[in-house]
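Undergrad: Quick one, what's the 3D model for this:
(4 chains)
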2 protein chains.
Amino acid sequence: MSDPQPRLEPAQLGAYFALMEVAGLLRHGVEQQLRDVGDLSYVQFQLLARLGLDSPTGSRRMTDLADGVVYSRSGLTYQAGLLEQAGLVERAPSPDDERSVMVTITDAGRERLAHVLPGHVEVLREMFLKPLSRADVDALAALLTPVRDHMRASPPRSATPRRRKGPASHT
Amino acid sequence: MSDPQPRLEPAQLGAYFALMEVAGLLRHGVEQQLRDVGDLSYVQFQLLARLGLDSPTGSRRMTDLADGVVYSRSGLTYQAGLLEQAGLVERAPSPDDERSVMVTITDAGRERLAHVLPGHVEVLREMFLKPLSRADVDALAALLTPVRDHMRASPPRSATPRRRKGPASHT
DNA sequence: TAGCACTGCTTCGGATTCGAAGCAACTAGC
DNA sequence: GCTAGTTGCTTCGAATCCGAAGCAGTGCTA
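TA: Presented below is the predicted three-dimensional model:
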């Protein structure tokens, strides 16, 4: 109707494809290194990193973690369970909200994190940062950060609008 | 030994995290749209797009597809099987190399692709391109393309160095 | 206080993913 | 032509992931 031209500029497509491919390959490479050195999946590493590096107390609510990492809530429960089994984090109900669960990184978790971090950074440098100058990296961060913020704002992915109790309108 | 400082600049970390999060969220959003409108997964869409838009003949070898898309070979076999079941692609042994399999998009595949493409572009615009000016997009593409090329070159992800027949050196 | 909607997390079933192993075809050396 | 090594794809089992449904705690209203 109003958009008879769904076509994209070549540069737009190029940016899109390059972005997705770079992220995919990078994730793949990082995942392999993490698996080899620290027996961690990429998600597990991200969770540990968020707890150990990003949070002053080393604790976070599950939902906040799910927002930071991209994955679904159930996936987060699964991975947090694995991390807890491995003794790298602990889970305890929040004192404020009894239903919230606070995840806290343990000493063993911090050790594991410190153990894999150098290699992680190494892979990052080798795969991702090598072809970029310092100015390039700055520019990249400056370009992507607003996009991330925009995405975070519009669809509240972790707050999936719960289906109403009332009968659906069809089917 | 030679790298006592595995630390990264904040901008480097920022670029890394922003990249991964943007890619993850974008993929998530796109996936949802594709599922709703065209009953396609993101991988399936990528495969169709590569066949229908990127290849003049509409055909590709499996390995070439695996390289373009990031996934593993076995995953590709699985998805190609699904696409074939749905009648969107056809598989046939290559006349040149009997072991190669040429995947060809069917008319139904092209239709499906055309059906989901406008919405796909719409999501792209809304989530990804909206906060970026035309110059930004150009810059982004210019920054990411060399990185992609670099990644493609260094670790031949699809050509996993096959384990030698000879007994391994340890364990 | 009772009732009701909402939020936070987990459980469950099914789909997707990967790596390793296996099979078939090609290539090189003899 | 024959044997060994390599490459292309598939099969297999296990791990991971997601969405829907379920359970429990919280807050609001009367």
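Undergrad: So what does the most centrally placed residue in chain A have for phi and psi?
TA: Nearest to the geometric centre of chain A sits A:V69, at 2.6 Å (CA atoms, centre = their mean). Per-residue torsions, A:V69: phi -80, psi 160 (degrees, to the nearest 10).
Undergrad: Let me see the contact set for it.
TA: A:V43, A:Q46, A:L47, A:R50, A:L76 (CB atoms under 8 Å, 6 or more residues apart in numbering or on different chains). Every residue, glycine included, has its C-beta placed from N, CA and C.
Undergrad: interface residues of chain A facing DNA strand D?
TA: Residues of chain A lying near DNA strand D by CB under 7 Å from any atom of the strand: A:41-43, A:70-75, A:78-79, A:82, A:97-99, A:160, A:163.
Undergrad: Give me the ChimeraX select line for those, limited to the buried ones.
TA: Buried subset of the residues of chain A next to DNA strand D, written as a ChimeraX selection, criterion 16 or more other CB atoms under 10 Å in any protein chain shown:
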select /A:42,43,70,71,73,79,82
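Undergrad: coming back round to it: mind checking pLDDT for the residue nearest to the centre of chain A?
TA: Residue-level confidence at A:V69 comes out at 78, pLDDT.
Undergrad: Against A:A141, how distant is it?
TA: The gap separating A:V69 from A:A141 is 19 Å, by CB to CB, to the nearest Å.
Undergrad: How about A:P118?
TA: For A:P118, the distance to A:A141 - CB to CB - is 22 Å.
Undergrad: So between the two, which is more surrounded?
TA: The residue with more neighbours, out of A:P118 and A:A141, is A:A141; 21 against 15, by other CB atoms under 10 Å in any protein chain shown.
Undergrad: Test my guess that that one contacts B:A15.
TA: Yes - using CB atoms under 8 Å, A:A141 makes contact with B:A15 at a distance of 4.0 Å.
Undergrad: so of the contacts of A:V69, which ones are in helices?
TA: A:V43, A:Q46, A:L47, A:L76 (DSSP state H).
Undergrad: ok, which stretches of chain A are strands?
TA: A:59-61, A:89-93, A:101-105 (DSSP state E).
Undergrad: Throw those into a markdown table and include distance to DNA strand C, mean pLDDT and mean neighbour count, thanks.
TA: Listed next are the strands of chain A as a markdown table, based on distance: least, CB to the nearest atom of the strand, whole Å; pLDDT from 0 to 100; neighbours: other CB atoms under 10 Å in any protein chain shown:
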| stretch | distance to DNA strand C | mean pLDDT | mean neighbour count |
| --- | --- | --- | --- |
| strand A:59-61 | 4 | 85 | 18 |
| strand A:89-93 | 6 | 91 | 16 |
| strand A:101-105 | 4 | 93 | 20 |
